[in-house]
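# dropping the sequence and predicted coords here.
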Amino acid sequence: VPGAGAALRPCSSRVAQDGIPQPVIDRIIRVDHAGEYGANRIYAGQMAVLGRSSVGPVIQQMWNQEKNHLKKFNELMVAYRVRPTVLLPFWNVAGFVLGAGSALLGKKGAMACTVAVEESISEHYNNQIRTLIEEDPEKYKELLQVIKQFRDEEQEHHDIGLEHNAEATPAYSVLKTAIQLGCKAAIFLSERI
Amino acid sequence: VRCQQYPPLRALQASAALRAASDEHKKEPWASSSQQHFDSPPAGHQPEEKPQGPHPSYTGQGGQQSEDYESEEQLQHRILTAALEFVPEHGWTAEAIAEGAKTLGLSVAAAGLFHSDGSELILHFVSDCNTKLSELLKKEQKLVQLGKAEKKPIDEFLRDAVEARLRMLIPYIEKWPQALSVLLLPRNIPSSLSLLTSMIDDIWHYAGDQSTDFNWYTRRAVLTAIYNTTELVMMQDSSPGFEDTWRFLENRVADAMAMSNTATQVQSTGEAVVQGLMGAAVTVSNAGTCRAVR
């Protein structure tokens, strides 16, 4: 009698319409969507506290760009039929709390948070770009274009944060490390769950 | 159609693992099977390779024309499909598979390729039904896109989709409780669960769901509950044409719609209340300031 070989697992050789393996695109879009969603909430939190201060317009402008990013990933998510991460409600709250909390430390605190988060996101996008290029730059051309553009914009946000005295925040390096650890954990979880 | 890929790869893994596990199941009795497919990497690698044989379009249904190259998974597919005819009589058992193999001109020992509890047969059937449902929904979607049909409201769409899927069980309804219990065996749960979730996801996709937030999960959970409970009701239903089941289904879908409307209303009411309180707070603080100034 046949042994336990018939594991009958879901077929991981499914492909999406353009020949991209579904599991690959699943992960990429899910984690990027979660990232942009979280970034949105962070800026929302910062605006709630610092909206009427002098850095209000700067934060608002960065927030608007993040909203565009999120919109794009929403579209990609529907187009490729990707499941969103189940942790979204959690990122909703955590993002807002992080944004508001860092803003309560003052304008420099908010900028420090921005620098930390945008650095993490840029690094993450760079990793994805590297992976996709190594795999097959032709197949992933569209996706690569999108990710590259977003990476450039996140890098801009990072630079804006530095321009606004992020590094002058008290306990800057501690704050930055803590936030970046949190981002790494968020990325790890959102890829999988 | 995503779920179409299931059967061949499953059988591919099954057969590759079988060959690794024991030497008894050599393919000699069946001259039509080809060896070349499987002299390659161990089962662990299979998921990464695309099936190398012809795509699951079942070339040569029982014919031997191109069949120097029928892969083992296609053969298994044919056997299981032929076996379905005998399920109403023999149940989801090795006997049904043996009878199916006989109609294809194969030895009854072919049943030895599969588990004795009929797991593969049932999973094959479920996967088949899901594929048929997807195709049906896709066809309907095309008709709507071409303007030849009206777009259905969501509750009607869900009702019709679930009904269409459950109707596929009718020829096998006597033996379906047995199948359900086999699908719940720990060994089969990963596969049966993933078949279920992909079917529900398909229905929502064709219903036009575009949620990208937690609603994605809520909707699928609700529809899964509706499907499962209706299936169970169907097992017990003895009314003519299963009309009790369809009425049950209609009520459950209506409940779900009502629930989602209530949720929306609660949310707007909550927001309105919050705004009212904020307004009251501002008024009170203004009044206090005025009094102080006077």
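Okay, I see it.
# show me where chain B has helices.
B:6-21, B:72-84, B:87-90, B:94-103, B:119-145, B:154-167, B:176-183, B:189-207, B:215-236, B:243-293 (DSSP state H).
# tell me the pLDDT at the residue lying closest to B:Asp160 once chain neighbours are set aside?
Using C-beta to C-beta, 6 or more residues apart in numbering or on different chains and skipping residues adjacent in sequence, the residue nearest B:Asp160 is B:Lys152, 6.9 Å away. Heads up, the C-betas are built off the backbone N, CA and C, glycines and all. B:Lys152 is assigned 91 on the pLDDT scale.
# distance check, B:Lys152 against B:Leu137.
11 Å (C-beta to C-beta, to the nearest Å).
# with neighbour numbers in mind, choose between those two.
B:Leu137 (21 against 16; other C-beta atoms under 10 Å in any protein chain shown).
# hmm, that one is touching B:Tyr206, no?
Yes: if you go by C-beta atoms under 8 Å, B:Leu137 and B:Tyr206 touch, sitting 4.0 Å apart.
# overlap in contacts of these two?
B:Ala161 (C-beta atoms under 8 Å, 6 or more residues apart in numbering or on different chains).
# where does the chain have low pLDDT?
Answering for chain A, as no chain was given. A:1-18 (pLDDT under 70).
# chain B is the one I meant
Those would be B:1-68, if you go by pLDDT under 70 across chain B.
# can you count the residues close to B:Ala280?
10.
# ok, it to B:Arg291 distance?
17 Å.
# same deal with A:Ala186?
A:Ala186 is 50 Å from B:Arg291, by C-beta to C-beta.
# look up the closest residue to the residue nearest in space to the middle of chain A, ignoring the ones flanking it.
Taking C-alpha atoms, centre = their mean as the criterion, A:Gly35 is the residue nearest the geometric centre of chain A, at 2.3 Å. Closest residue to A:Gly35 apart from its sequence neighbours, by C-beta to C-beta, 6+ apart: A:Ile121 at 5.8 Å.
# following the host helix or strand of A:Gly38, which helix or strand comes up?
Assessed by DSSP states H and E, A:Gly38 sits inside helix A:22-50. Using DSSP H and E, the next helix or strand after helix A:22-50 towards the C-terminus is helix A:56-79.
# quickly check: that next one near chain B or not.
Yes: contact of helix A:56-79 with chain B (C-beta under 8 Å from any C-beta of the partner chain) involves A:73-74, A:77-78.
# wait, doesn't the residue nearest to B:Asp160 sit right on B:Leu158?
No: B:Lys152 lies out of contact with B:Leu158 (C-beta under 8 Å); the separation is 9.1 Å.
# dump the residue contacts of B:Asn130.
B:3, B:165, B:195, B:198-199, B:202.
# quick check on the residues you listed: which are buried?
The neighbour count (16 or more other C-beta atoms under 10 Å in any protein chain shown) marks B:3, B:165, B:195, B:198-199, B:202 as buried among these.
# can you narrow the residues you listed to ones near chain A?
Within these, those near chain A by C-beta under 8 Å from any C-beta are B:Ser198.
# run the contact check for the strand or helix carrying A:Ile187 versus chain B.
In this assignment (DSSP H and E), A:Ile187 forms part of helix A:172-192. No: for helix A:172-192, no contact with chain B is found by C-beta under 8 Å from any C-beta; the gap never falls below 13.3 Å.
# tell me which residues in that helix are buried?
A:172, A:175-176, A:179-180, A:182-183, A:186-187, A:189-190.
# equivalent analysis for stretch A:157-166, please.
Here stretch A:157-166 shows A:157-158, A:160-162, A:164, A:166 as buried, counting by 16+ other C-beta under 10 Å.
# likewise for stretch A:80-99?
A:80-85, A:87-88, A:90-92, A:94-96, A:98-99.
# quick one: contacts of that stretch?
By C-beta under 8 Å, 6+ apart, stretch A:80-99 touches A:16, A:22, A:25-26, A:29-31, A:33-34, A:37-49, A:76-77, A:110, A:113, A:179, A:182, A:186, A:189-190, A:193, B:2, B:201, B:205, B:212-214, B:216-217.
# can you turn the buried subset of those into a selection I can paste into ChimeraX?
Paste this into ChimeraX to select the buried members of these, with burial taken from 16+ other C-beta under 10 Å:
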select /A:16,22,25,26,29,30,31,33,34,37,38,39,40,41,42,43,44,45,46,47,49,76,77,110,113,179,182,186,189,190 /B:2,201,205,212,214,216
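# can you pull the contacts of A:Pro170?
Contacts of A:Pro170 (C-beta under 8 Å, 6+ apart): A:Leu105.
# look up how far A:Gly106 lies from it.
From A:Pro170 to A:Gly106 the distance is 9 Å (C-beta to C-beta).
# need phi/psi at the residue nearest to B:Asp160.
Backbone geometry at B:Lys152, expressed as degrees, to the nearest 10, gives phi -80, psi 150.
# A:Glu119 against A:Thr177, yeah?
No: taking contacts as C-beta under 8 Å, A:Glu119 lies outside contact range of A:Thr177: 11.1 Å.
# those residues of the stretch 51-200 of chain B touching chain A, which are they?
So far as C-beta under 8 Å from any C-beta goes, the stretch 51-200 of chain B lies against chain A at B:51, B:112-116, B:119-120, B:123, B:187-188, B:190-191, B:194, B:198.
# hmm, 7 Å instead?
Selection of the stretch 51-200 of chain B residues close to chain A by C-beta under 7 Å from any C-beta of the partner chain yields B:113-116, B:120, B:123, B:190-191, B:194.
# redo those as a markdown table? Include neighbour count.
Formatted as a markdown table, those follow (neighbours: other C-beta atoms under 10 Å in any protein chain shown):
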| residue | neighbour count |
| --- | --- |
| B:Leu113 | 23 |
| B:Phe114 | 26 |
| B:His115 | 23 |
| B:Ser116 | 13 |
| B:Glu120 | 26 |
| B:Leu123 | 24 |
| B:Pro190 | 13 |
| B:Ser191 | 23 |
| B:Ser194 | 16 |
